[in-house]
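Novice: coords please:
(one chain, ligands or ions: 2)
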Amino acid sequence: ETCIQLKSVSKMYGNTKVISDLNLSVKKGERLILLGPSGCGKSTTLRMIAGLETVSSGDLMIDGHRMNDVPAGKRHISMVFQDYALYPHMTIEKNIAYGLMVNKVNKEEVARRVDQVLSILNLKGLERRYPRDLSGGQRQRVALARSIAKQSTIFLLDEPLSNLDAQMRVSARNELLKIHETYHQTFVYVTHDQMEAMTLGHRIALMRDGQLQMLATPYQIYHRP
Ligand code: ADP
Ligand code: ADP
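Specialist: Ligands and ions are numbered 1, 2, ... in the order given. Got it, this is the predicted structure:
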């Protein structure tokens, strides 16, 4: 079952075409990786799916509906960026709960979800602290926790682990897999790290110069002649 579909999508910035004629389908519950060198158009693709950039031509479909003109706030998508802006004046708990309360999720449900994401991401005990009291890695996990707590069915991640050191990155990868096992979201995950792509992806879309160069499973890539 298809969740996200890009049909011949192109993106122009002024006269420059940065995405050209991209065709790509993401299945429901799939973890799809967008892999490729800096500047190849990964972030732009993700931002078009999120509704943070317009599509210049072609169609963007989600669950069979054309989304080109649907604003970001109405797409029911969660997105995590590499620069995880937390609210500095709110505790960790509040940082996670705030968006839910704005969306009128009831108090008990907010408490339940906050508790759940704190334990999945090993953040228990830090709920009353402020972002400035946390390490970079902890802050990045709070940003992840905050997005997960929304329980959107589509989860877009733009190099979410890039600010972590090598060891933390491995444990964060495992946490992401645990999250996916719990919520079965559709993941679209941007990285330029091949190891991350191979360990996290059901399929890997290799991009180059705004085009899809290859689409394959990690198994196929590993066993390529
Ligand atoms: P990646 O995420 O793979 O590093 P991006 O999607 O960020 O690539 O960028 C793709 C290309 O589009 C790059 O050449 C980049 O400079 C250009 N680009 C991205 N955003 C803008 C923008 N707002 N205005 C003009 N060019 C942009
Ligand atoms: P990354 O590749 O690490 O995701 P980028 O440098 O591509 O980061 O993009 C950071 C921000 O700058 C994005 O909002 C992007 O749209 C914007 N941007 C990137 N390239 C350009 C550009 N050539 N002109 C204007 N804005 C750009």
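
Novice: only C-alpha atoms for contact and neighbour calcs from this point on.
Specialist: OK.

Novice: what about Lys28, how many residues close to it?
Specialist: 17 (other CA atoms under 10 Å).

Novice: typed the wrong thing, it's Asp59
Specialist: Asp59 has 20 nearby residues by other CA under 10 Å.

Novice: Same question for Ala72.
Specialist: Considering only other CA under 10 Å, Ala72 is surrounded by 17 other residues.

Novice: nearest spatial neighbour of it, skipping sequence neighbours?
Specialist: Using CA to CA, 6 or more residues apart in numbering and skipping the chain neighbours, the partner closest in space to Ala72 is Gly51 (4.4 Å).

Novice: Wait, the one you found touches Pro71, no?
Specialist: Yes. If you go by CA atoms under 8 Å, Gly51 and Pro71 touch, sitting 5.9 Å apart.

Novice: This protein against ligand 2: which residues are in contact?
Specialist: Ser38, Gly39, Ser43 (CA under 6 Å from any ligand atom).

Novice: Could you export the residues you listed as CSV, including secondary structure?
Specialist: Listed next are the residues of the chain next to ligand 2 as CSV, based on DSSP: H, G, I helix; E, B strand; the rest coil:
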residue, secondary structure
Ser38, coil
Gly39, coil
Ser43, helix
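
Novice: Would you mind writing the ChimeraX command to select the buried ones in those residues?
Specialist: What follows is the ChimeraX syntax for the buried subset of those, where burial is set by 16 or more other CA atoms under 10 Å:
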select :43
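
Novice: Show me which of the residues of the chain next to ligand 2 is closest to Gln211.
Specialist: Ranked by distance to Gln211 (CA to CA), these are led by Gly39 at 11.4 Å.
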